[in-house]
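1. Could you work out the structure for the sequence below:
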Amino acid sequence: GTHCVMDTKSLEGKRIDVVSRDQDDVWLVTINGQTHKLLICEVKEDQTVKSSVTDTTVTYTIATTSKVAGTLSLNGVDDLKVRHGTHPALPPAPRAHVHKANSHPTSQAAHRTKTPVEIKEKDYLLSDIHDLYAELESIKDSLYFVKKGWACYFGGSPTHPNLKVEETPDIQMFEKMLDNPYKRVGTGADTDFGEMALAKARPMCLKLLLNPVFNLNALSDADVNMLGSLEFNVLGFQSKILNEFDREQYLWMLLMRMFHNLDLVREFQISELNLYRFIGTVCRRYRDVPFHNWYHGFNVTQTMYYLLVTCECQRLFTKLELFSMLISAICHDADHPGLNNIFHAKAGSKIANLHKKSTLENHHFLQAMSVLSLPECNIFGNLNSSQMVELQLNIRDMILATDLSLHKLILTSMEAHRKVLNKAFKGTKANQLSREKKVPAMCCIMKCSDLSNEIRPKDIAILWATRVNREFFAQSAKEKEMSLPLTPWIDPEKVVIEKEQINFITGLCMPLYKTLHSVFPTISPCIDQLKKNLVDWEWRLQEMTTREEAAKLSIRSVWEDDQEGTGKGGKDLSANLGNRANVSVKLGEKK
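-> Presented below is the predicted three-dimensional model:
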């Protein structure tokens with residue numbers, strides 16, 4: 001007997017025969033010849049559903065934002081409406097095998113045990129409670145979120161005292177600092193706005209942590225080859241792979257392939273299980289906001305990979321530096337609320353009080369360190385203490401460097417080191433450069449990757465321009481809703497998107513990419529595409545306005561920010577960035 005919560009998609013292509021149905025709506029059915037007991041229930045929006053299992057009483061809560069998925073007919077006995085929604089903390093499927101890179105892609109389902117139906121994101125198997133308890137107790141790694149999620153719903157059992165949640169000092173610190181980051185702080189009725197973000201935090205699918213199932217050989221050769229091209233369009237996967245979870249999982253594996261292609265997995269003996277968990281956990285920390293979502297995080301990482309591999313920028317860096325660059329790109333906007341630093345300063349959110357400078361960037365850095373502190377996401381297990389220190393400093397510097405207010409500081413620092421960096425890139429002594437001299441190049445590549453929409457072909461660039469302006473306009477609406485001072489250059493009634501993209505290319509992208517080009521002349525295709533897209537946006541602007549009207553448009557841009565640290569002190573960039581890090585984070589040293 002197996003109790004399941006499933007949606008109609010999980011039953012597609014399955015032969016279902018009803019054996020019997022009792023008065024409690026428990027159905028005895030056979031699915032593809034295997035017999036199961038199913039409790040079929042209709043889950044309505046924002047309802048709490050409780051279920052009990054005979055002999056072993058289990059109570060669980062399903063928090064849903066559900067919609068009718070369809071009508072399921074079980075052998076003509078009855079038509080049952082089956083709904084599906086988000087189940088944030090139900091336990092994962094037990095005993096799924098982890099597939100090595102050399103496994104055949106079609107063999108995955110065959111190796112699963114106690115999994116009678118294909119499990120998707122919203123299907124959870126509650127199979128043999130005691131066996132699953134025993135399995136959790138026997139896990140040597142501290143699968144923190146799995147055990148905590150399980151204990152939250154089924155905890156307190158005196159028969160399983162060994163099911164403990166190991167909370168290290170690092171985990172406790174991060175949970176406290178990252179709790180309710182977008183709440184308005186202070187007293188009075190004006191603080192009662194709930195969470196100030198354009199989208200809610202996404203739940204973590206716990207079964208991914210307990211039993212990852214992946215096969216890198218299932219990746220399309222065409223997709224892998226496109227990783228080194230500016231024509232790679234991650235937004236195209238939304239129509240290419242319709243199921244959101246399958247789509248995200250496919251992108252995780254593409255990121256894993258980048259680590260392999262740069263020889264990082266072999267060099268640092270990275271656990272593939274932990275790498276998969278790390279990428280998946282970071283992905284779920286991105287919110288579904290219009291622009292700063294997981295697809296932007298992937299897009300930035302893929303641009304980073306393109307610059308390192310296709311443009312050969314990797315010749316300047318050590319393997320450890322390449323390792324930190326990929327991690328920084330993946331994590332750089334984790335938990336972005338879709339509302340910028342200016343908004344949080346005006347609204348008085350918790351993170352604005354915690355981080356006086358580079359507010360969101362400090363928050364993203366803490367998110368990265370929080371995930372990396374989890375034992376199940378530990379990809380640093382074979383690094384020594386000095387490597388750990390250097391890698392964490394690199395991640396801090398590169399994530400903080402994405403703050404637009406530091407744009408000129410990055411350019412100034414790159415110019416100060418341009419000659420020595422270019423000489424090292426052309427020669428054979430790159431590894432002899434000090435970290436101080438290479439940090440500006442790492443940060444400049446990070447910023448170029450972050451501001452890479454307009455180095456894509458025109459059709460892809462337009463998609464990203466539409467998304468980012470939609471997010472700016474949503475912030476403007478939020479400011480009006482909260483009676484905050486309005487940011488004039490993101491007001492949809494005043495902004496002309498064509499003019500904004502021209503400002504973006506001429507004011508931000510072109511100076512940045514030309515500076516990087518002075519060190520790495522191999523990135524010339526990026527500048528060529530910037531020029532093509534600039535011509536296109538200028539043509540679009542001329543089509544909608546006269547030359548006189550275009551000249552009157554504001555030169556103040558949504559992309560501009562008050563610049564800091566642009567004086568002569570830009571030589572030691574890492575020290576400048578370290579001064580902006582409000583919290584000094586150092587993960588526990590390897591024992």
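2. Pull up the gap between Ile505 and Leu404, please.
-> 15 Å (Cβ to Cβ, to the nearest Å). For the C-beta atoms, the positions are set from N, CA and C on the backbone; glycine is no exception.
3. do the same with Asp450
-> Separation of Asp450 from Leu404 (Cβ to Cβ): 9 Å.
4. And the contacts of stretch 219-236?
-> Residues outside stretch 219-236 that contact it (Cβ atoms under 8 Å, 6 or more residues apart in numbering): 250-251, 253-254, 257-258, 261, 295, 298-299, 302-303, 305-306, 309-310, 455-457, 460, 463-464, 525-526, 529.
5. ChimeraX command for the buried members of those residues?
-> In ChimeraX, a selection of the buried entries from those looks like this (16 or more other Cβ atoms under 10 Å):
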select :250,251,253,254,257,258,295,298,299,302,303,305,306,309,310,455,456,460,464,526,529
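6. Return the subset of the contacts of stretch 219-236 lying in strands.
-> Nothing among the contacts of stretch 219-236 maps onto strands, per DSSP state E.
7. quick one on the thing from earlier: out of Ile505 and Leu404, which sits in the busier spot?
-> A count of neighbours by other Cβ atoms under 10 Å puts Ile505 above the other of Ile505 and Leu404, at 24 against 19.
8. Contacts only, for that one.
-> With Cβ under 8 Å, 6+ apart, Ile505 has these contacts: 454, 530, 533-534, 537.
9. ChimeraX command for the buried members of these?
-> Here is the ChimeraX selection string for the buried members of the contacts of Ile505, based on 16+ other Cβ under 10 Å:
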select :454,530,533,534,537
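10. farthest-separated two in the contacts of Ile505?
-> Leu530 and Trp537 (10.6 Å; Cβ to Cβ).
11. Where does the prediction get shaky in the protein?
-> Within the chain, the stretches with pLDDT under 70 are 1-167, 186-193, 205-211, 547-571, 582-591.
12. Go through it and flag its longest helix.
-> helix 458-481 (DSSP state H).
13. for the next helix-or-strand element following it, packing partners?
-> Sequence-wise, the next helix or strand downstream of helix 458-481 (DSSP states H and E) is helix 497-503. For helix 497-503, the packing partners by 3 or more Cβ pairs under 8 Å, 6 or more residues apart in numbering; DSSP states H and E come out as helix 458-481, helix 524-544.
14. Val389 is nearest to which of these?
-> Here helix 524-544 is closest among those (Cβ to Cβ), at 32.5 Å.
15. Does Pro203 lie in a helix or a strand, and which?
-> Applying DSSP H and E, one finds Pro203 in no helix or strand.
16. Isn't it up against Arg287?
-> No. The criterion here is Cβ atoms under 8 Å, and Pro203 misses it with Arg287 at 11.5 Å.
17. of those two, who's got more company?
-> Legend: neighbour count by other Cβ under 10 Å for Pro203 and Arg287, higher for Arg287 (20 against 15).
18. Let me have the contacts of Ile505 in JSON lines, extended by distance to Ala222.
-> Shown next, in JSON lines, are the contacts of Ile505 (distance: Cβ to Cβ, whole Å):
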{"residue": "Glu454", "distance to Ala222": "25"}
{"residue": "Leu530", "distance to Ala222": "26"}
{"residue": "Asn533", "distance to Ala222": "25"}
{"residue": "Leu534", "distance to Ala222": "30"}
{"residue": "Trp537", "distance to Ala222": "30"}
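19. Let me know the closest of the contacts of Ile505 to Ala581.
-> Glu454 (29.5 Å).
20. In contact with the closest one, which residues?
-> 461, 465, 501, 504-505, 509, 529-530, 533-534.
21. which other residues reach the longest helix of the chain?
-> The contact list for helix 458-481 (Cβ under 8 Å, 6+ apart) reads 196, 198, 231, 233, 235, 289-292, 299, 338-340, 343, 346, 453-454, 456, 484-487, 490-492, 495, 497, 500-501, 532-533, 536, 558.
22. For it, buried residues please.
-> 460-462, 464-465, 467-476, 478-479.
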